[in-house]
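Student: how would this look folded up:
(one chain, ligands or ions: 1)
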Amino acid sequence: MSSNQSENVPEFMKHFGTNAIHAGHGPDQWNCKAVMPPIFTATTFKQHAPGDPEGGYDYTRGGNPTRTSLQTCLAKLENAKYAYVYSSGMAATSTVATAVLRSGSRILAMNDLYGGTNRYFRRVIDSFNVTVDFVDASNLEKVKNALTPQTSLVWLESPTNPTLTLVDIAAIVQIAKSYPSNPVVVVDNTFMSSYFQQPLSLGADVSMQSLTKYMNGHTDVLMGALVTNRQDLADKFEFIQMSVGAVPSPYDCYLTIRGLKTLHIRMREHQRNALAVAEYLKSHKEVELVLYPGLPSHPQHELAKRQCYGFSGMVSFRMKGNAETTKKFLKHLKVFTLAESLGGCGSLIEVPSIMTHKSVPEEQRNELGITDTLMRLSIGLEETEDIIEDLATALKNAI
Ligand SMILES: Cc1ncc(COP(=O)(O)O)c(C=O)c1O
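Tutor: Residues are numbered from 1 along each chain as shown. This is a model prediction of the structure:
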């Protein structure tokens, strides 16, 4: 584990890279001694006698050996007992909702969330008589005041998407767990990946991730995961995986296994490039605001150092000028691609108010500062100088 504040790194994190490469599969598992896990394309498996599947698998919706290899690795990376994968991050989110919520339940959710999660909470599960209380969870008093006897789920994202606000996960867990309704606390860990943040170590019940992003890391797989130590939740997650069937294909499981093998190296490089970009933008006279938890000027830099093992590769910023200036800037970029998503090798840029967060009501967006001039960067693995040169050229041409 190499990070910028490694003193408090737990023992298992010191073996992160080794586990990412080896956990969940090994040559001795397969008769032919393959060093990479086979992609088991079979949808069904021979049974020794009725109801007695010899190899432990009966039908791929319920279980598949390639998927098991991936799930075992994901659990190991968060020092957890259980991990389950789904066909997208949103499928993982909806699995939590199905497992935890009942008619009349309330969700206490961070007010700044991925737009798709916000949309799901406001426009899908509301029809099941579930209410969402959006709260600025970076303020612990507000969290305390928003809990109700009906609150059965606390949904956090840290850092948030796109304003990179942190919430004090351990403190919120403490508040939630001492409240009589004892809500399930879930942290969406997508922006940090398992390498830079360990929600279960901070007391959360579930670490959720869109594996589509850093964990797979190559912009070619859609997948989500739920990781937990709670057997009651694990049983439900497994049951819903099989019963609803929002499962990823064995091909995608294989690609994610492959992606995980370089996660620790990629994350260090994403972070190195992101810090260079954040510092560059901060020093530019045409830039009004830079949001990156790794900058000492970030209001929660100390919390980031305490809570995370690094700062990841996401930077948000706002240029001086208006929506037209922003559009002009975007037109001149060559290394960055204007596209949604994040966490891949190639640098991406987007305008959340018009793209990923369009479905968030305008009033909520304005409150959070998600204006038409706020841009979100997913800093890739290109050469640092090329990334900065690209931003410099576009800034010059936009003014
Ligand atoms: C923070 C966060 N959570 C969840 C999701 C949803 O994941 P997916 O697109 O894999 O469904 C996204 C997607 O962008 C995200 O950024």
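Student: residue 318 looks like it's in a strand, true?
Tutor: Yes - per DSSP: H, G, I helix; E, B strand; the rest coil, residue 318 lies within a strand segment.
Student: pretty sure it contacts residue 375?
Tutor: Yes - counting by C-beta atoms under 8 Å, residue 318 touches residue 375, with 7.1 Å between them. Backbone N, C-alpha and C define where each C-beta goes, glycine included.
Student: more neighbours, those two?
Tutor: residue 375 (21 against 18; other C-beta atoms under 10 Å).
Student: partners of the host helix or strand of that one, with directions?
Tutor: Using DSSP states H and E, residue 375 maps to strand 374-378. Sheet pairing for strand 374-378, assigned by DSSP bridges, gives strand 314-319 (antiparallel), strand 348-350 (antiparallel).
Student: now the strands for the stretch 51-200 of the chain?
Tutor: 52-53, 82-86, 106-110, 131-135, 151-157, 184-188 (DSSP state E, counting those that start in this stretch).
Student: want to throw those strands into a markdown table with distance to residue 64?
Tutor: Formatted as a markdown table, these follow (distance: least, C-beta to C-beta, whole Å):
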| stretch | distance to residue 64 |
| --- | --- |
| strand 52-53 | 12 |
| strand 82-86 | 10 |
| strand 106-110 | 32 |
| strand 131-135 | 34 |
| strand 151-157 | 29 |
| strand 184-188 | 25 |
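Student: what residues does the stretch 101-250 of the chain put near the ligand?
Tutor: 114, 116, 117, 157, 161, 188, 190, 191, 210, 212, 222, 224 (C-beta under 6 Å from any ligand atom).
Student: got a list of what the residue in the stretch 1-150 of the chain that the ligand sits nearest to touches?
Tutor: Per C-beta to the nearest ligand atom, residue 89 is where the stretch 1-150 of the chain lies closest to the ligand, at 2.3 Å. For residue 89, the contact set (C-beta atoms under 8 Å, 6 or more residues apart in numbering) comprises 116, 190, 208, 209, 210, 211, 212, 213, 222, 223, 224.
Student: quick one: low-confidence parts of the protein?
Tutor: 1-7 (pLDDT under 70).
Student: longest helix anywhere in it?
Tutor: helix 263-283 (DSSP state H).
Student: other SSEs contacting that helix?
Tutor: helix 16-22, helix 193-196, strand 287-291, strand 314-319, helix 384-398 (3 or more C-beta pairs under 8 Å, 6 or more residues apart in numbering; DSSP states H and E).
Student: picking that back up, can I get the strands paired with strand 374-378 in JSON lines with distance to the ligand?
Tutor: Shown next, in JSON lines, are the strands paired with strand 374-378 (distance: least, C-beta to the nearest ligand atom, whole Å):
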{"stretch": "strand 314-319", "distance to the ligand": "9"}
{"stretch": "strand 348-350", "distance to the ligand": "10"}
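Student: which of these sits most buried?
Tutor: Mean neighbour count (mean count of other C-beta atoms under 10 Å) peaks for strand 314-319 among the strands paired with strand 374-378, with a mean of 24.
Student: helices or strands next to the helix or strand following that one in the packing?
Tutor: Next helix or strand after strand 314-319 toward the C-terminus (DSSP H and E): helix 323-331. Helices and strands touching helix 323-331, by 3+ C-beta pairs under 8 Å, 6+ apart, are strand 314-319, strand 374-378, helix 384-398.
Student: measure stretch 291-304 end to end?
Tutor: 13 Å (C-alpha to C-alpha, to the nearest Å).
Student: and the residue of the stretch 251-399 of the chain nearest the ligand?
Tutor: Residue nearest to the ligand within the stretch 251-399 of the chain: residue 341 (5.9 Å; C-beta to the nearest ligand atom).
Student: quick check: that residue touching residue 219?
Tutor: Yes - Residue 341 lies in contact with residue 219 (C-beta under 8 Å); the separation is 6.6 Å.
Student: can you name the residue of the stretch 201-350 of the chain nearest the ligand?
Tutor: For the stretch 201-350 of the chain, C-beta to the nearest ligand atom, closest residue to the ligand: residue 210, 3.1 Å.
Student: ok, the closest residue to that residue other than its chain neighbours to residue 121 distance?
Tutor: Once flanking residues are discounted, residue 210 sits nearest to residue 89: 2.8 Å by C-beta to C-beta, 6 or more residues apart in numbering. To residue 121, residue 89 is 14 Å away according to C-beta to C-beta, to the nearest Å.
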